[in-house]
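A.B. asks: predicted structure and sequence below. I'll ask about it afterward.
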Amino acid sequence: MTSPIWEQETTPLPRLSGWLLEHFLSTHQLSLREVARAAQVYLLVVWRACRGLPLAS
C-alpha cells in the first residue's frame with residue numbers, strides 16, 4: 001500500500017513548466033505585476049514561477 005500523497009517525496013517540475021507559464025502570460029498579454037496583484041502574491045513569487053524555480057525552500 002502506498003503512503004498518502006502528503007507523505008510522499010515530490011520531484012521538482014522541469015524548466016518547461018516555467019516556459020509554459022511565460023508563454024501563457026505573453027499569449028494573453030499579461031504582465032508579471034498584473035498576475036501578482038490579481039493573485040495577491042509577491043511579484044517575486046510569479047517571477048520565480050516563470051523561471052521554474054521553487055517558490056519556497
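C.D. replies: Yep, that arrived.
A.B. asks: list the contacts for the residue nearest to the spatial centre of the chain?
C.D. replies: Residue closest to the mean C-alpha point of the chain, counted by C-alpha atoms, centre = their mean, is Ala49 at 3.3 Å. Residues in contact with Ala49, defined by C-beta atoms under 8 Å, 6 or more residues apart in numbering, are Gly18, Leu21, Leu55. (Each C-beta comes from the backbone N, C-alpha and C, glycine too.)
A.B. asks: buried ones in stretch 10-30?
C.D. replies: Across stretch 10-30, burial judged by 16 or more other C-beta atoms under 10 Å covers Gly18, Leu21, Leu25.
A.B. asks: where does the residue nearest to the centre of the chain land in three-state SS?
C.D. replies: helix (DSSP: H, G, I helix; E, B strand; the rest coil).
A.B. asks: and it, what pLDDT?
C.D. replies: The confidence metric pLDDT takes the value 87 at Ala49.
A.B. asks: distance of it relative to Glu7?
C.D. replies: 25 Å (C-beta to C-beta, to the nearest Å).
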